[in-house]
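Engineer: what's the 3D shape of this:
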Amino acid sequence: MIDEATLCPCRSGMGTKRPFRTGFIAFSILVAAGCSSTRVAENLRHPPDRELYGPTATRPTLVPRTADRYSGPVYRSTQSRAQALGSAADSTFRIEPDDAPGASLTPVRVSLAVANGPFVVWSPAELEVELYPGDRPLVWNNRLSVDARGDTLIVEGQSVGSAIRVRSPGSGLGLELHGKRYAGDLKFVAESGKVRAINELPMEEYLRGVVPAEVPPTWSPEALKTIAVAARTYALFQMEKNANRSFDVTDSIDTQMYGGLSVADPRSDQAVRDTAAQILIYGGAPILATYHAASGGYTEDASRVWSKDVPYLRAQPDPAGDANSTPWRVSMSIRDLERTLKASGYKVAKVSSMDVMQRTPSGRAATVRVRHSRGFLDISADRLKAMFGGYKVKSTLFEISQTKTAFVITGRGFGHGVGLSQMGTAALAKDGMPYEQILSAYYPGTQLARLQ
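Structural biologist: Prediction:
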């Protein structure tokens, strides 16, 4: 679930420089010399006239098809990595006739991790390693270790430059990294002594790892279709926004959950196929299709969470009513509150009370006042929620009560409350509402369209 929408997501640019020529020469010399003292020379060789991205026929691929009942407009994106777009609002989406030739969509780039190495990639078949864009890839055995020193990658003990790409065109099982399997390519980038792993893959393959990571694949088909369209739209929005960045989305709640092929399920796969290429648009561009676990009965306005007015993300009674109220309760001692506030940089003395001072139109807490022996502290409810953790204080739709030694926070909902409620979606789908109507209810004023 998206706990915080990435209106200003973290960036790490890779640019279009030619950073790994030195590494390529080093590998070539080792291979040409027939060096046997290093594993690099033993495992690298040029493939025979193989295309840069290798054969793709054996990759597990979903064949896109449009749902039979879809009859909306067709849209085409002219977005490319070579031409940056300032934001999704500037995107070059336009109406095309139904028989317009399709435009190929660039891959989704998912940041899987940025950490100290080594990262170990494994595949049942040979790996191909691309050291420099445009050069023929080198063939490796089925295991590769990647580390970093400064802004240089270290592959099997050898310096190769700042970035490499790894793929396994001969395997239909994808690439394995840290116990998870991924379709598409893995790109590794050196970032100040750490390694960033990025999975690049087609949109429909990406969604195979998003939908079942966000909601149980046991949910009804209409609910899964709803999540598939929302997730596809959200990813496309981020792709347009981050065209000149090194990645579009992460694999966590910072954007939307993604588990790769390891979480793929036939039921969610079917939902992806049934809604293939379908997105939501507003004003001719893909919307910021934020969603959350449960609204608590009333969704929140985007302007109250991110100080950004979005016409289709207004506060409204949840279309599913109280079906997703999900009540919760958490207790914290007065001493724990004092310690947490101090650890977060607030100068407080002995705390005597804590109360909600302001609320948003949806009923969520906006400002909380903490009184202590030296005065009082006004803190935003979102900040308080973040300090104690989103899995404890699950939303800002809460009330505060007090005992002699503790504060008790009782609330409803889970997440920021903006946009679509996943639990509400499940309830509406169970009652027989089709996915098109569910999307329209949670994103009023938007239109369902098909990417071409």
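Engineer: Residue 268 and residue 222: what is the separation?
Structural biologist: As for residue 268, its distance to residue 222 is 13 Å (criterion: C-beta to C-beta, to the nearest Å). Placement of C-beta: from N, CA and C, glycine included.
Engineer: Looking at these two, which has the bigger crowd around it?
Structural biologist: Higher neighbour count among residue 268 and residue 222: residue 268, with 28 against 22, using other C-beta atoms under 10 Å.
Engineer: I figured that one hits residue 216, correct?
Structural biologist: No - using C-beta atoms under 8 Å, residue 268 makes no contact with residue 216, being 9.1 Å away.
Engineer: In the stretch 51-200 of the chain, where is pLDDT below threshold?
Structural biologist: Scanning the stretch 51-200 of the chain for pLDDT under 70 picks out the ranges 51-104, 171.
Engineer: Pull the contacting residues for residue 147.
Structural biologist: 117-119, 153-155, 195 (C-beta atoms under 8 Å, 6 or more residues apart in numbering).
Engineer: And the buried ones among the residues you listed, selectable in ChimeraX?
Structural biologist: Burial among the contacts of residue 147 is assessed by 16 or more other C-beta atoms under 10 Å; the matching ChimeraX selection reads:
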select :117,119,153,154,155,195
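Engineer: Select from the contacts of residue 147 every entry located in strands.
Structural biologist: Among the contacts of residue 147, the members falling in strands (DSSP state E) are 119, 153-155, 195.
Engineer: can you give me the strands in the stretch 151-300 of the chain?
Structural biologist: Using DSSP state E, counting those that start in this stretch, the strands found in the stretch 151-300 of the chain span residues 152-155, 158-161, 163-167, 175-177, 180-182, 185-191, 194-201, 249-250, 278-282, 285-286, 291-292.
Engineer: So what are the sheet partners of the last one and their directions?
Structural biologist: Sheet pairing of strand 291-292 (DSSP bridges) gives strand 420-421 (parallel).
Engineer: any idea of the mean pLDDT in the partner strand?
Structural biologist: The pLDDT scores in strand 420-421 average 98.
Engineer: Now do that strand: everything it contacts.
Structural biologist: So strand 420-421 is contacted by 226, 230, 289-295, 299, 318, 320, 324, 438-439, 442-443 (C-beta under 8 Å, 6+ apart).
Engineer: How far away from the center of its chain is it?
Structural biologist: In terms of C-alpha atoms, centre = their mean, to the nearest Å, the centre of strand 420-421 is set 16 Å apart from its chain centre.
Engineer: and what of stretch 329-341?
Structural biologist: The mean C-alpha position of stretch 329-341 is separated from the chain mean by 32 Å, C-alpha atoms, centre = their mean.
Engineer: if you average pLDDT over it, what comes out?
Structural biologist: 94.
Engineer: Next, the buried residues of it.
Structural biologist: 330, 332, 334, 337-338, 341.
Engineer: Kindly report the same for stretch 379-388.
Structural biologist: Buried-residue list, stretch 379-388, by 16+ other C-beta under 10 Å: 379, 381-382, 384-385, 387-388.
Engineer: out of those residues, who's nearest residue 182?
Structural biologist: Proximity of these to residue 182 was ranked by C-beta to C-beta; the top entry is residue 385 with 32.3 Å.
Engineer: Can you give me the separation between that closest one and residue 420?
Structural biologist: With C-beta to C-beta as the criterion, residue 385 and residue 420 are 20 Å apart.
Engineer: got it, and residue 126?
Structural biologist: 43 Å.
Engineer: Give me the more crowded residue out of the two.
Structural biologist: Shown here are residue 126 and residue 420; by other C-beta under 10 Å, residue 420 has more neighbours (27 against 17).
Engineer: For beta bridges, what are the partners of the more buried one?
Structural biologist: residue 291.
Engineer: Could you measure from it over to residue 365?
Structural biologist: 22 Å.
Engineer: ditto for residue 193
Structural biologist: 41 Å.
Engineer: Compare those two (neighbour count), which wins?
Structural biologist: Using other C-beta under 10 Å as the criterion, residue 193 and residue 365 rank with residue 365 on top: 25 against 13.
Engineer: is it true that that one touches residue 354?
Structural biologist: No - contact criterion C-beta under 8 Å: residue 365 and residue 354 do not qualify, at 10.8 Å.
Engineer: Test my guess that residue 259 contacts residue 211.
Structural biologist: No - at 10.0 Å, residue 259 does not count as touching residue 211 under the criterion of C-beta under 8 Å.
Engineer: So what are the sheet partners of the helix or strand in which residue 448 is found and their directions?
Structural biologist: Residue 448 belongs to strand 447-451 when assigned by DSSP states H and E. When sheet partners are counted by DSSP bridges, strand 447-451 sits next to strand 74-77 (parallel), strand 278-282 (antiparallel).
Engineer: Quick check: buried residues in stretch 187-203?
Structural biologist: 187-191, 195-203.
Engineer: Out of those residues, which comes closest to residue 172?
Structural biologist: residue 201 (13.9 Å).
Engineer: Which residue comes closest to the closest one once chain neighbours are left out?
Structural biologist: residue 184 (2.7 Å; C-beta to C-beta, 6 or more residues apart in numbering).
Engineer: For that neighbour, which residues are in contact?
Structural biologist: 59, 107, 167, 174, 199-202, 205-206.
Engineer: could you redo the strands of the stretch 151-300 of the chain as a markdown table and give each row distance to residue 425?
Structural biologist: Output for the strands of the stretch 151-300 of the chain, formatted as a markdown table (distance: least, C-beta to C-beta, whole Å):
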| stretch | distance to residue 425 |
| --- | --- |
| strand 152-155 | 42 |
| strand 158-161 | 45 |
| strand 163-167 | 35 |
| strand 175-177 | 31 |
| strand 180-182 | 26 |
| strand 185-191 | 32 |
| strand 194-201 | 25 |
| strand 249-250 | 20 |
| strand 278-282 | 14 |
| strand 285-286 | 19 |
| strand 291-292 | 8 |
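Engineer: sorry, back to before: between residue 259 and residue 211, tell me which one has more neighbours.
Structural biologist: More neighbours surround residue 211 than the other of residue 259 and residue 211, with 33 against 18 (other C-beta under 10 Å).
Engineer: So that one is in contact with residue 266, correct?
Structural biologist: No - contact criterion C-beta under 8 Å: residue 211 and residue 266 do not qualify, at 11.7 Å.
Engineer: neighbours around residue 124, how many?
Structural biologist: 13.
Engineer: give me every residue that touches residue 229.
Structural biologist: 275, 278-280, 289, 435, 439, 448.
Engineer: Most neighbours among those, which one?
Structural biologist: So for the contacts of residue 229 (other C-beta under 10 Å), the most neighbours sit at residue 275, 31 neighbours.
Engineer: Would you check how far apart it and residue 233 are?
Structural biologist: Taking C-beta to C-beta, one finds residue 275 at 10 Å from residue 233.
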